[in-house]
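K.L.:
next comes the sequence, and after it the predicted model I'd like to discuss.
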Amino acid sequence: MTSAEQALKSGARTAQPDHLGHVIFIAAAAAMGGFLFGYDSSVINGAVEAIRGRYDIGSAALAQVIAIALIGCAVGAATAGRIADRIGRIRCMQIAAVLFTVSAVGSALPFALWDLAFWRVVGGFAIGMASVIGPAYIAEVAPPAYRGRLGSFQQAAIVVGIAISQLVNWGLLNAAGGDQRGKLMGLEAWQVMLGVMVVPAVLYGLLSFAIPESPRFLISVGKHDRAREILADVEGREVDLTARIAEIEHAMNREEKSSFRDLLGGGFFFKPIVWVGIGLSVFQQFVGINVAFYYSSTLWQSVGVDPADSFFYSFTTSIINILGTVIAMIFVDRIGRKPLALIGSIGMAVGLALEAWAFSYDLVGGKLPAAQGWTALIAAHVFVLFFALSWGVVVWVMLGEMFPNKIRAAALGVAAAAQWIANWAITASFPSLADWNLSVTYVIYTAFAALSIPFVLKFVKETKGKALEEMG
């Protein structure tokens, strides 16, 4: 009997949990790591110019301090899958929560530039872990009929984390009289911005004690009775649980335990499916989305917007990000992952091209001409909207479900690591590229948005409605 036949026999594909609200809570609690991911990634936006001033550094050095966290992200993402396979998904979340907390305290109280950079690497490691564990765990506990929407919680949490960090930054900036280095609670405002993350980090750790371990991990370590209880809870008691466990066990036991070696093959180092995952991750970053969240206040100030307004525009961009994510959550299981990705690619290319055009004009009196300024502002929001309703959600959903059971954790780790390396490349290069030619920088991002269209058409397969055991 094939996995697909077993899925039909057990009723997994049409499973309806007895208490959907409880399943939603489980997914939301796991996605709290995504909230911290978004918060920690974006909160630095409020500190960029203050760090430049306090430590008297140029654009290249500043970019390295901002981007160095992404090296920690790549390492955390690459190792999280193996850690989760050994000690479980929940323990992995708890380790990430501790690292988030320690990083927030250290970043708020640095005594030197290298010290700040070190704590950002620690926080980055936690982000990398959360970026892998969140979507993998949600995919493993969610009933197939709801997996796309519940998988979207990861990206929803990320964008809410980004928005909250921008709102907190804006509030703290105003409390400090509009000065990132103004005094608040005995510290400079930017230090308080970085330290506030202690609150959601502690909450994430507490929530991890309130949700169950992944049934697939429990089956892998022989705890079948506990796995049965959790499957009954999240998929409903009408599912044939004996057949369901046999289906999962069969999929896991068809081959040897997952290892990095299992990702190799196919003629060009990795298997083709792994390259598709890497491609999705790289394109998601090479369109320049994180420039909007790491450097937006600096970007707007560079074209003549005053600091307080630049922080406000960063916040409005985050609201648009949330709106787009909600749209994606509504449609990801209705029209599918692939159509959403294509719609998003077209919309992003248009928005980015308009930004490139607007930034090609010279500043007049330290500002863009009115028409170009408004075009740049509107186009930036259009770009973020189309990213959020497509690639922002689709990539995380697909990475959590597109790989065969045997290699899921390891392949997701490699794809997420590639995403963080791509993120680092964009983040580290933007200040220098912007100093050189801001318009050409956006032309480059436009080109990647356009190239993502044939990539999706040729290499990406639809995963909507399939059981995880059918993948690969």
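P.N.:
Alright, I've got the coordinates.

K.L.:
A108 and L172, how far apart?
P.N.:
Noted for A108: a distance of 12 Å to L172, by Cβ to Cβ, to the nearest Å. For every residue, glycine as well, the C-beta is placed using N, CA and C.

K.L.:
pull up the overlap in contacts between those two.
P.N.:
By the contact definition Cβ atoms under 8 Å, 6 or more residues apart in numbering, A108 and L172 are jointly contacted by V192.

K.L.:
could you pull out the strands for the chain?
P.N.:
For the chain, the strands defined by DSSP state E cover 183-184, 187-188, 264-268, 270.

K.L.:
can you count the residues close to Q301?
P.N.:
For Q301, the neighbour count with other Cβ atoms under 10 Å is 17.

K.L.:
same check on D306?
P.N.:
11.

K.L.:
can you count the residues close to V276?
P.N.:
Residues near V276, counting by other Cβ under 10 Å: 23.

K.L.:
any low-confidence regions in this structure?
P.N.:
1-18, 253-262, 266-268, 302-305, 307-308, 365, 465-472 (pLDDT under 70).

K.L.:
ok, W190 touching I51?
P.N.:
Yes: with contact defined as Cβ atoms under 8 Å, W190 and I51 form a contacting pair (6.9 Å).

K.L.:
residues in contact with I343?
P.N.:
I343 neighbours (Cβ under 8 Å, 6+ apart): F386, L389, S390.

K.L.:
select from those residues the one having the most neighbours.
P.N.:
Most surrounded of the contacts of I343: other Cβ under 10 Å gives S390, at 29 neighbours.

K.L.:
tell me how far it lies from S131.
P.N.:
Between S390 and S131 the distance is 18 Å, computed by Cβ to Cβ.

K.L.:
same check, this time on Y294
P.N.:
From Y294 to S131 the distance is 16 Å (Cβ to Cβ).

K.L.:
more crowded one of the two?
P.N.:
S131 (32 against 26).

K.L.:
phi and psi next, for G222.
P.N.:
Here is the backbone geometry of G222 (degrees, to the nearest 10): phi 80, psi 10.

K.L.:
nope, A210 is what I meant
P.N.:
phi -100, psi 0.

K.L.:
what residues are up against it?
P.N.:
A29.

K.L.:
can you give me the helices for the stretch 201-350 of the chain?
P.N.:
Applying DSSP state H, counting those that start in this stretch to the stretch 201-350 of the chain gives helices spanning 215-220, 224-235, 241-253, 272-286, 291-294, 296-302, 307-331, 337-359.

K.L.:
reformat those as a markdown table; add distance to P454.
P.N.:
Output for the helices of the stretch 201-350 of the chain, formatted as a markdown table (distance: least, Cβ to Cβ, whole Å):
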| stretch | distance to P454 |
| --- | --- |
| helix 215-220 | 35 |
| helix 224-235 | 38 |
| helix 241-253 | 32 |
| helix 272-286 | 11 |
| helix 291-294 | 24 |
| helix 296-302 | 29 |
| helix 307-331 | 22 |
| helix 337-359 | 10 |
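
K.L.:
name the residues of stretch 42-56 that are buried.
P.N.:
S42, V43, I44, N45, G46, A47, V48, E49, A50, I51, R52, R54 (16 or more other Cβ atoms under 10 Å).

K.L.:
what's the closest of those residues to P339?
P.N.:
S42 (28.5 Å; Cβ to Cβ).

K.L.:
surely that closest one meets Y295?
P.N.:
No: assessed by Cβ under 8 Å, S42 is found out of contact with Y295, at 10.4 Å.

K.L.:
what residues of stretch 100-115 count as buried?
P.N.:
Quick answer for stretch 100-115 (16+ other Cβ under 10 Å): F100, T101, V102, S103, A104, G106, S107, A108, P110, L113.

K.L.:
oh, that last question was meant for stretch 136-147, not what I typed.
P.N.:
A136, Y137, I138, A139, E140, V141, A142, P143, P144, A145, Y146, R147.

K.L.:
got the end-to-end distance for it?
P.N.:
One end of stretch 136-147 sits 11 Å from the other (Cα to Cα, to the nearest Å).

K.L.:
re the thing from before, can you put the contacts of I343 in JSON lines and add distance to I444?
P.N.:
As requested, those are exported to JSON lines (distance: Cβ to Cβ, whole Å):
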{"residue": "F386", "distance to I444": "18"}
{"residue": "L389", "distance to I444": "23"}
{"residue": "S390", "distance to I444": "20"}
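
K.L.:
restricted to helices, list these.
P.N.:
Mapping the contacts of I343 onto helices (DSSP state H) picks out F386.

K.L.:
just the closest of the contacts of I343 to E401, please.
P.N.:
S390 (16.6 Å).

K.L.:
residues in contact with that closest one?
P.N.:
By Cβ under 8 Å, 6+ apart, the neighbours of S390 are G324, A328, L340, A341, L342, I343, G344, S345, G347, M348.

K.L.:
show me the buried residues of stretch 42-56 that map onto helices.
P.N.:
S42, V43, V48, E49, A50, I51, R52, R54.

K.L.:
need the residues you listed in a markdown table (columns: distance to I66).
P.N.:
Formatted as a markdown table, these follow (distance: Cβ to Cβ, whole Å):
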| residue | distance to I66 |
| --- | --- |
| S42 | 11 |
| V43 | 11 |
| V48 | 7 |
| E49 | 11 |
| A50 | 12 |
| I51 | 8 |
| R52 | 10 |
| R54 | 14 |
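
K.L.:
circling back: and the two most separated of the buried residues of stretch 136-147?
P.N.:
Farthest pair in the buried residues of stretch 136-147, by Cβ to Cβ: A136 and A145, 18.9 Å.

K.L.:
neighbours of G186, how many?
P.N.:
Neighbours around G186, by other Cβ under 10 Å: 7.

K.L.:
for it, what are phi and psi?
P.N.:
phi 80, psi 0.

K.L.:
so the residue nearest to A130 when sequence neighbours are not counted versus Y294, what's the distance?
P.N.:
Leaving aside its chain neighbours, A130 sits nearest to G33 (3.3 Å; criterion: Cβ to Cβ, 6 or more residues apart in numbering). Distance, G33 to Y294, by Cβ to Cβ: 19 Å.
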